[in-house]
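Asks: Provided below for reference: sequence and predicted model.
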Amino acid sequence: MCRLFAVTSNEPLSPMMAIDALNVMKEGHDGSGLGLFLTDLGGDFEKFKNEPILSGIFSNEGIKALDRFMIDLDFMVKYKLSFRPTKTNPAGTPRRDNYVIRVYEYPSEWEGLSPEEIQFRLMMVQLQLREMGAKDNSMLIFSFWPDIIMIKEVGDPLTVAHYLGLDRKELLARTILSQGRQNTNYSIDIYACHPFFIQGMATMTNGENTAFVPIREFLMSRNFPGYTGYQSDSEVFTHILHYMQNKLGMGMEMYKHIITPLKDEELDRHPDGALLRKLKQSCRPLIIDGPNCVIGCLPDKSMFMVQDSKKLRPGVVGGRPGIFAFSSEMCGLDAAIPERDINLDDQPMRYETVIVRRERQEIEKWNQWDALPPLH
Amino acid sequence: MEPMGRLTPSALSTKDLPWQILWNKEKCTLCGSCAAVCPVRAIDLGVHRKRTLQVPVGLETRSGNLVSIYHGIDQRTDPAHACMGCGMCTMVCPNGAIAPMRSNEIDKLRFHINQNGEPRRRGGRRNNPDSVLDKIKFVRISMLTDPALDAGRHEFELRTLLGRVLPPDEMLKVSRESGWMPPVREIYPLVIGSMSFGALSPNMWEGLQMGVTYLNEELGMPVRICTGEGGCPPRLLKSRFIKYVILQIASGYFGWDEIIHSLPQMKEDPCAIEIKYGQGAKPGDGGLLMWYKVNKLIAAIRGVPQGISLPSPPTHQTKYSIEEAVAKMIQSMSMAWGFRVPVYPKISATSTAMAVLNNLTRNPYAAGLAIDGEDGGTGAAYNVSMDHMGHPIASNLRDAYLTLVKLGKQNEIPLFAGGGVGKNGNLAANAAALIMLGASGVQTGKYVMQAAAGCLGSESDRCNVCNIGVCPKGITSQDPRLDRRLDPEKVAERLVDMYVSFNTELKKIVAPLGRSTSLPIGMSDALGISDADAARRLNIKYVL
């Protein structure tokens, strides 16, 4: 199963901290990929909190096409951190021309648009670029969103990190999701690397989701252009979260009620059983069949973890005020934050959701048996 | 052969029949049980004259004849009394002296079962052992990428939904506004398909109802049974057990007078109302209860005179368009129970099913759609309808599911598939295949008759006399002398055996696929078939 490590800290951190933790858990991933999601950025990106950042990999031709496309849309590059690896590429990692992180200035005609419209357009630009790149493999696009950087590459995480020089001082973030990939039943495809991103939120998962196909069918039939991709069965977790928050307007307390609802007889005993039963029925195609541990980050930079009842080796959350880490294995957490009170570590079980807010003061827990807040 | 040595065109020998009765004179005790039990009176007492030539040695005494008589059986050869292979003679023979044997060539009888211009009618099935469902394999096995589940120890949630399910956003809106939420039943995904009181004997019906009640109340399995078109005994209507029953209304409206009059006294709502527009075994044809079976009890429940044939019209005669036939009828039935009971149509599988389905998607009261494939069984139908009319269930169901996926309504209108589920004994595998092709649940009738009551029918035109009330097992007979052969308690026991074993087998299928938290509806990535055309048609994997 893939190894997952996420950290949220008041002080900006280098992604190497997360990659080192992945390396401690190395026996659990086969080095088939590294995925990074960085947000609440520090370093050079601290000053660009509102401008969209494009993350991707481009061939030399792809860069030119990107420039033409973005200029046509009236996006101006404000800052860029591109790296062209000079060293020999490690075994298993393809040779690429350009790894690109670019901050853009919004087109002037976007001024005055509603936040929803801007968010929709940003997503559409990302999708268009991805589609353009898919034709000739000239572009691989991971995200296009303010205050978010994503880096993905095939290969062993630590080796890839050294190869790309991810320890550079410009690249710092307070909230980091990282995945060391264990390739399972799908082909080695960079788009199958977690975390997955859509409109400001990201999740990563370990374990296989055997209910993938009906869930994918349900999401794709919502007629929302962002529900696409699905090179990995785990991408649906991100999109379910997005569907729940953006389409159904529900809070994080409902995520687990959708993906792992209570059993029928349990609902009889729940204070909000009637509503939850209806929700379970209406969202029946979104019920996952793990074992899965999902770690994610919401647009407000809260970090969460949930898992299903089949997860025999659950993920763990621990830390101290100011810094908390979410790890698929205990050893990853121990390596990352050794000086913490381990008695306060939490392994969310079948009914629980744990959250660390952006203030990073405590681990908040919700139980599926809790009464729900009123519908809003 | 007639006197004067003439033959009529329909004069047949035993060799021309599909079944020959083999009889062993040495073992026979002449008890007469076989002749008495034969449902079609194919066995006659045979008094045979036998001549033995007496040829003495020498020339003094002339040769002579010794004429003796022996008793045994004669097989009748006229179409009305042709052996249909049920094998009851073998079952009752104390010495194993008699058995029907299938002819080694295609019979000639088939050309003559139309005496007086009346085409063959029969009960039973299509008599074709082919089954696409049997060929579907479950190819996605969890082992190392994710742990396989233990069918014996893990918890499984194998329920399904029957009823119109609102899409999540609409459900939340209705909840907020305290509006009308369509009724939805959480039921076991294997439903006992519609077999009417009348088609089935009272003992069979009672046995099934007892079994269903036991499954629900003792084992916690929410199994549901559909009445078929023939009403429902008033005591059941007014009992709490009606909640396990799906009441069917069809084009003859048989029994609905009684149901409507019972409404004020009903303690519980029925599980659902099924409006039958078509039946897989005889699509485009109405129900048919032949006069043999319309006795006093059946006549009373159906509200008709005794001893007359009851052919339901092919369509609902008071409706003339899909809007009326479907929309209005669903709405009126919903209204009768205060919009608390799901109402759904059942149609025979057909290339026009998508039109019906599309119509249902726009009808907020439609609670689902049941589709019955060509392999469905029947109590009585014209042979030509059974053998040649209809559409296989697999592709029709798959088309329906994918149509709903395209509309984004795959969870809103549950599809129930029937027709040949378990026809060759592979009930759980067939049901699971249909579920993974997109069915929310399956309906089965014939398998229940065979497993719970010992029906003798097979896919080789054996027995098939459900229509004339002479069922040798008492399953489809209304004659108390036959009916009493069937012990309702034993039927109930066998039904429970059947469901419990089905449940274990279903778990044995879904557990290795890594599924336990919900029924794997539409999990088509788990399916494979070694027929490339079928794989393409069903949009599943082609495996060799």
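Replies: Now that the structure is in, tell me what you want to look at.
Asks: Show me the beta-bridge partners of the residue nearest to the spatial centre of chain A.
Replies: Nearest to the mean C-alpha position of chain A, by C-alpha atoms, centre = their mean, lies A:A202 at 2.8 Å. Counting by DSSP bridges, A:A202 is bridged to A:F197, A:C297.
Asks: Now do the contacts for it.
Replies: A:F37, A:T39, A:I148, A:M150, A:L177, A:P195, A:F196, A:T238, A:G296, A:C297 (C-beta atoms under 8 Å, 6 or more residues apart in numbering or on different chains). All C-beta atoms are positioned from the backbone trio N, CA, C, and that covers glycine.
Asks: In strands, which of these appear?
Replies: A:F37, A:T39, A:I148, A:M150, A:L177, A:F196, A:G296, A:C297 (DSSP state E).
Asks: For the residues you listed, please prepare JSON lines with the additional fields pLDDT and neighbour count.
Replies: Compiled in JSON lines, the ones in strands among the contacts of A:A202 are given as follows (pLDDT from 0 to 100; neighbours: other C-beta atoms under 10 Å in any protein chain shown):
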{"residue": "A:F37", "pLDDT": "98", "neighbour count": "31"}
{"residue": "A:T39", "pLDDT": "97", "neighbour count": "28"}
{"residue": "A:I148", "pLDDT": "97", "neighbour count": "26"}
{"residue": "A:M150", "pLDDT": "97", "neighbour count": "25"}
{"residue": "A:L177", "pLDDT": "97", "neighbour count": "30"}
{"residue": "A:F196", "pLDDT": "96", "neighbour count": "32"}
{"residue": "A:G296", "pLDDT": "98", "neighbour count": "26"}
{"residue": "A:C297", "pLDDT": "98", "neighbour count": "28"}
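Asks: circling back to that earlier point, just give me the closest of the contacts of A:A202 to chain B.
Replies: A:T238 (17.3 Å; C-beta to the nearest C-beta).
Asks: contacting residues around the residue nearest to the closest one when sequence neighbours are not counted?
Replies: Of all residues not flanking A:T238 in the chain, A:F196 sits nearest, at 4.0 Å (C-beta to C-beta, 6 or more residues apart in numbering or on different chains). Residues counted as contacts of A:F196 (C-beta under 8 Å, 6+ apart) are A:A202, A:T203, A:M204, A:G229, A:S232, A:S234, A:E235, A:F237, A:T238, A:H239.
Asks: again, but for A:F69
Replies: A:Q128, A:L129, A:M132.
Asks: Can you tell me which helices and strands the strand or helix carrying the first one packs against?
Replies: Under the criterion of DSSP states H and E, A:Q128 resides in helix A:115-136. Packing contacts for helix A:115-136, counted by 3 or more C-beta pairs under 8 Å, 6 or more residues apart in numbering or on different chains; DSSP states H and E, involve strand A:52-58, helix A:60-72, strand A:139-146.
Asks: buried ones in the last one?
Replies: I take that to be strand A:139-146. For strand A:139-146, a neighbour-count test (16 or more other C-beta atoms under 10 Å in any protein chain shown) marks A:M139, A:L140, A:I141, A:F142, A:S143, A:F144, A:W145, A:P146 as buried.
Asks: Just confirm B:P100 is within a strand.
Replies: Yes. Under DSSP: H, G, I helix; E, B strand; the rest coil, B:P100 falls within a strand.
Asks: Mean pLDDT added to the helices and strands packed on helix A:115-136, as CSV?
Replies: Formatted as CSV, those follow (pLDDT from 0 to 100):
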stretch, mean pLDDT
strand A:52-58, 97
helix A:60-72, 96
strand A:139-146, 97
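Asks: Tabulate the ones you listed (TSV), appending distance to A:L172.
Replies: Below are the helices and strands packed on helix A:115-136 laid out as TSV (distance: least, C-beta to C-beta, whole Å):
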stretch	distance to A:L172
strand A:52-58	14
helix A:60-72	25
strand A:139-146	16
